[in-house]
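1. Quick one, fold the following:
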Amino acid sequence: MSLQIICDIITSLEGSVRPAIYLAEDLIKMGYDITIISPLISPEAEEEINKSGIKTINLNIRHFSSISNPSILWLETWAYEAIFRANSKRIKKNTQAIINFSHVIFAPATFWYLQGPPSTALNDISSQLPRRLRLAYYVTKPLIEHLDRKIIERAKKLTTWFIANSKFCASMYTKYGIKVHDIIYPPLDRKTFHPTTKRPTEDYVLTYFGKETKFTVIKKIADMGVKIKAFGSKTSIIDKSLLKNPNIEFLGRIPTAELVDMYSNALYTLFPFTHEPFGYIPLESMACGTPTLTYNMQGPGEYIIDDENGWLAKDDESLVQKAIELWRNGYPKEIRERCVENAKKFDREIYSKKWLSLLKPPITI
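-> Next comes the predicted model:
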């Protein structure tokens with residue numbers, strides 16, 4: 001059986017494209033013939049995808065942003081679609097996709113997998129942007145929201161069923177009049193993310209540097225003596241003084257195997273965010289046996305249980321206080337065991353089976 005899947009730009013096989021890639025790989029193993037359609041796929045990513053037997057239709061949309069800055073590249077690609085429908089016009093006529101995982105390219109599809117409207121994400125992260133970018137956002141905010149609404153309304157007409165990646169994500173789309181038919185949480189590869197040691201060093205706290213990160217909160221915690229190791233992309237929105245803090249070691253982008261070791265040995269993972277429809281980082285950390293300290297809201301608030309497999313703070317102040325308390329006093333070791341157990345619910349096998357139950361006719365939701 002041949003199926004076509006629409007996906008966002010693919011510069012690596014991680015992040016928001018992971019649900020599409022994992023499902024395609026698993027369907028290939030079940031004997032399906034899978035083709036992924038994307039506005040742009042980097043040569044390295046396309047080679048990896050093709051190795052697993054997945055066919056690709058790389059539309060090679062012209063772009064000015066660098067592939068090394070995927071967030072800006074994604075925004076540029078979204079703008080082309082929102083203003084000109086430039087991406088969708090490149091798809092062959094009569095294309096019928098089974099699932100659309102994208103927010104930057106559209107064709108008639110049975111399912112649209114909702115991962116969050118970009119206008120909402122930009123609004124949430126705007127307070128953390130440098131002044132010049134924050135000003136640019138506030139000037140263009142009405143236009144961005146208008147274009148995003150137009151895209152969603154067009155996708156609504158092209159789609160039969162709507163599946164969200166979290167309850168919080170579903171709530172964002174109901175504001176646009178979309179009826180979400182089901183929730184399918186993104187997949188976790190537990191063969192990759194698992195504890196690598198029975199005796200973690202627990203001599204640092206792990207965190208992530210990205211566009212959704214609350215850097216001011218991390219600085220407050222580091223200033224109180226907590227040793228922090230951070231991974232992620234070095235972007236222009238990171239305060240330079242943060243990188244010079246003696247209690248913060250910035251690792252940059254690291255290989256997955258090294259990241260798994262970092263998760264496994266951390267005392268806990270610190271995840272102060274501005275916007276997160278689901279949140280891979282807390283889940284990956286749980287799978288490696290390390291609990292996460294974050295906020296009681298949005299995606300992470302749906303699967304982290306306070307004092308069970310992590311800790312949920314109501315605001316910045318309480319998160320900083322809890323971070324210091326955990327650094328000084330530790331926590332019961334049983335929490336690590338519960339983290340690994342709770343992470344099983346998100347295994348990619350469960351994810352793929354749920355999709356398979358929807359793909360087999362007759363479709364009933």
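
2. could you pull out the helices for the stretch 51-200 of the chain?
-> For the stretch 51-200 of the chain, applying DSSP state H, counting those that start in this stretch gives helices covering 70-84, 118-125, 131-158, 167-174.

3. Figure out which of those is closest to residue 34.
-> Judged by CB to CB, the one of the helices of the stretch 51-200 of the chain that comes nearest to residue 34 is helix 131-158, at 20.3 Å. Backbone N, C-alpha and C define where each C-beta goes, glycine included.

4. any chance of the helices of the stretch 51-200 of the chain in TSV, with mean pLDDT, distance to residue 333 and mean neighbour count too?
-> Shown next, in TSV, are the helices of the stretch 51-200 of the chain (pLDDT from 0 to 100; distance: least, CB to CB, whole Å; neighbours: other CB atoms under 10 Å):
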stretch	mean pLDDT	distance to residue 333	mean neighbour count
helix 70-84	93	37	19
helix 118-125	96	35	19
helix 131-158	96	43	14
helix 167-174	98	31	18
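
5. Turn those into a markdown table, columns for distance to residue 292.
-> Shown next, in a markdown table, are the helices of the stretch 51-200 of the chain (distance: least, CB to CB, whole Å):
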| stretch | distance to residue 292 |
| --- | --- |
| helix 70-84 | 23 |
| helix 118-125 | 19 |
| helix 131-158 | 28 |
| helix 167-174 | 16 |
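
6. of those helices, which approaches residue 45 most closely?
-> Smallest distance to residue 45 across the helices of the stretch 51-200 of the chain (CB to CB): 10.6 Å, for helix 70-84.

7. Quick one: residues in contact with that closest one.
-> Residues outside helix 70-84 that contact it (CB atoms under 8 Å, 6 or more residues apart in numbering) are 8-9, 11-12, 15, 39-40, 61, 63-67, 86-88, 103-106, 118, 147-148, 150-151, 211, 235.

8. Distance from it to the middle of the chain?
-> The chain centroid and the centroid of helix 70-84 are separated by 17 Å, computed with CA atoms, centre = their mean, to the nearest Å.

9. just the strands in the stretch 1-150 of the chain please.
-> 2-6, 33-38, 55-58, 97-100, 109-114 (DSSP state E, counting those that start in this stretch).

10. chain center to the last one, what's the gap?
-> Its chain's C-alpha centre lies 17 Å from the corresponding centre of strand 109-114 when counted by CA atoms, centre = their mean.

11. Name every strand pairing with that strand and say which way it goes.
-> Sheet pairing for strand 109-114, assigned by DSSP bridges, gives strand 97-100 (parallel), strand 159-164 (parallel).

12. ditto for the second one
-> Strand pairing for strand 33-38, determined by DSSP bridges: strand 2-6 (parallel), strand 55-58 (parallel).
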